[in-house]
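In: Sequence and computational prediction follow.
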Amino acid sequence: MSSLNRREFFYLMSVLGLGGTQVHAKSHKKIYGVNKVEDYSQLENFGNARFLHITDTHAQLNPVYFREPSVNLGLHSNFGEPPHIVGSHFAKRYGIKPGSRMEYALTCLNYEENAERFNRVGGFAQIKTIVDNLRGRFGEDKTLLLDGGDTWQGSWTALKTRGKDMVEALNILGVDVCTGHWEFTYMQNEILENLKLLDAEFVAQNVLVDEVALMMGDVPDVYDESSGRQFKPYTMKKMGDHTVAVIGQAFPYTTIANPQRFIPNWSFGIRPEKMQELVNHIREKENPDAVICVSHNGYDVDKKMAYAVTGIDFIMGGHTHDGVPEAYPVKNSGGVTHVINSGSNGKFVSVLDLDIKNKKVQDFRYTLLPVFSDLVPEDKQMKSYIENVRAPYKAELERTIATTDETLYRRGNFNGTFDQIICDALREVKGADISMSPGFRWGVSVPMGHEITFEDIATQTAMTYPETYVREVKGEDIHRILEDVADNLFNKDPFLQQGGDMVRTGGLSYTIDPAQEIGKRISKLELSNGEKIEAGKNYRLAGWSTVGSQAPGEPVWDTVTTYLQDRKHIKNVNLESPDIIGVKNNPGIEHSLYKS
């Protein structure tokens, strides 16, 4: 371990529980735990019930690099509200100092310098150390560990083991309750087999079984035929002298964003009416001291659900990968529901401590705890498990494909540099005029000066429907695709936002006005050579990841590997991001870092 400065030393003391004094802000205020969060020396116990939360780890068992977005636009009621604040705007709101570890963990600012200084983040062996200490110091009987989903997918080992490597990792970690999203991109029988191996309770109030399949007996392990729910909707947990309810909310648009052909008998939705009925039932029949929802809705959808549904104390959410160091208060007709999101890729562990008295949450403290891998000792059991899981694939994963002088990243509303690599690979290898790549939010980063390994490619592409395609598409259809995806991202109603970011494009430029209505956002479509896109003309389009029927082409990781092997070295990336109208004063864009 390299030498530590005073703050780093105190951080290490905190996660190991080795003493020190607590420095924190009031949790129930808007900027809880943020002005001084990088200065705290020990996370002291508070209250009598502790919830730990991780989400969207995307099967990243080992520490990773992950650059936070420079574009995360908020419009309408979400203008300037979390999580739609990035870069210098984020640093100003939360009092984060330049060059600090918290700047590195939470923003895109000075990323290359900070990555070189502070190295990787996350890692399940490090998370295990933190979780065990936070549990042990507070009391195992008063602590619950929740996992928000997107855990079984995102790595080569997860793909090869069909998610089983992550099931056992969650067992070792000691997860108590979880829900899902990309877990549903395996086959239906595989999901049910994995859940039998999982020690945690899997809860999802919003996953229903097709009535015909239910009548025919085609769906095994149905939780409740009378309600049509495939999975247990909630669980009651004893925490010391108190009882809490944990409700599950799986990703509501799974069969729109991902292939329904894998899970033909299940349907998804936000289902706020069913959620309200369930909360009312729990409050009346179970008489809990607190109600927690572990959700994979996405931040904005969680905020609207918090407004529409009363009786939930906290929504601990995921899906949109937002690391927000505050519990965001949403007022509703029944009081206040706080929304929490814990980032992605194992970068953070959320710590929510409740002070429960007289059957009610009287107060709380919330901390978004960064996982700085170089400061946290690895848990030996988890480390050994990870090494064993990776052993059959180690040589392949560590194989160098190319090198890069530019930081490669994905996360952001529009093209990232690794997305551009994928788009360029599709165009060149497939001989296409235009390429499109889905706006996935999973995928880690490769800092400038690093080798690009096959594992780096896999973190961007390892999924169960990776096949590529080339097809003739009219110009008017290209325009329609862009409009449809933009509406999924920027619709005024969060309940109509279906997740993900804008489709990535290669060989194509366009202008977007995100605040407009569908059909009016996209204009000035041109090929990269300046030729205008004509509505009735055919263009050769290459892509991958078809949600409908399976595409015929090779897996996209082979396409990208071929492209990078031919290049050998990436000197710079021509980032083909659109021109954006109406974002001059939007704090969801860091103009100094956004290239168009």
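Out: Nice, I can see it.

In: only C-alpha atoms for contact and neighbour calcs from this point on.
Out: OK.

In: and residue 293, helix, strand or coil?
Out: Under the three-state scheme (DSSP: H, G, I helix; E, B strand; the rest coil), residue 293 adopts strand.

In: Let me see the contact set for residue 430.
Out: Residue 430 is in contact with 470, 542, counting by C-alpha atoms under 8 Å, 6 or more residues apart in numbering.

In: ok, so what distance separates residue 53 from residue 388?
Out: Relative to residue 388, residue 53 is positioned 26 Å away (C-alpha to C-alpha, to the nearest Å).

In: Those two: which is more packed in?
Out: Legend: neighbour count by other C-alpha atoms under 10 Å for residue 53 and residue 388, higher for residue 53 (27 against 12).

In: Using the three-state scheme, assign that one.
Out: strand.

In: What residues are bridge-paired with it?
Out: residue 146, residue 350 (DSSP bridges).

In: what pLDDT does residue 2 get?
Out: In this model, residue 2 is scored at 39, pLDDT.

In: Based on its surroundings, how many neighbours for the nearest residue to residue 182 once chain neighbours are set aside?
Out: Spatially, and ignoring its direct neighbours in sequence, residue 182 is nearest to residue 150 (5.0 Å; C-alpha to C-alpha, 6 or more residues apart in numbering). Applying other C-alpha under 10 Å, we find 25 residues neighbouring residue 150.

In: Residue 150 and residue 61, how far apart?
Out: 13 Å.

In: So which bits of stretch 252-259 are buried?
Out: For stretch 252-259, burial by neighbour count (16 or more other C-alpha atoms under 10 Å) applies to 252, 253, 254, 255, 257, 258, 259.

In: The fifth one contacts residue 497, correct?
Out: Right, residue 257. No: taking contacts as C-alpha atoms under 8 Å, residue 257 lies outside contact range of residue 497: 10.9 Å.

In: what's stretch 533-542 in contact with?
Out: With C-alpha under 8 Å, 6+ apart as the criterion, stretch 533-542 contacts 426-427, 430, 432-436, 468-477, 525-527.

In: one more time with 10 Å
Out: 423, 425-437, 468-479, 505-510, 524-527 (C-alpha atoms under 10 Å, 6 or more residues apart in numbering).

In: Counting only helices, which of those make the cut?
Out: If you go by DSSP state H, the contacts of stretch 533-542 have 423, 425, 426, 427, 428, 429, 430, 475, 476, 477, 478, 479 in helices.

In: Most neighbours among the residues you listed, which one?
Out: Per-residue neighbour counts (other C-alpha under 10 Å) across the ones in helices among the contacts of stretch 533-542 peak at residue 426, which has 29 neighbours.

In: Tell me what residue 236 is bridged to.
Out: Assigned bridge partners for residue 236, using DSSP bridges, are residue 245.

In: Three-state assignment for residue 583, please.
Out: Per three-state DSSP, residue 583 ends up coil.

In: gap between it and residue 432?
Out: 32 Å.

In: if you count what's nearby, which of the two comes out ahead?
Out: Neighbour count, other C-alpha under 10 Å: between residue 583 and residue 432, residue 432 has more, with 21 against 16.

In: how about the helices in the stretch 301-450 of the chain?
Out: 380-390, 394-397, 417-430 (DSSP state H, counting those that start in this stretch).

In: deepest of these, which one?
Out: helix 417-430 (a mean of 23; mean count of other C-alpha atoms under 10 Å).

In: Relative to the whole chain's centre, how far out is it?
Out: 23 Å (C-alpha atoms, centre = their mean, to the nearest Å).
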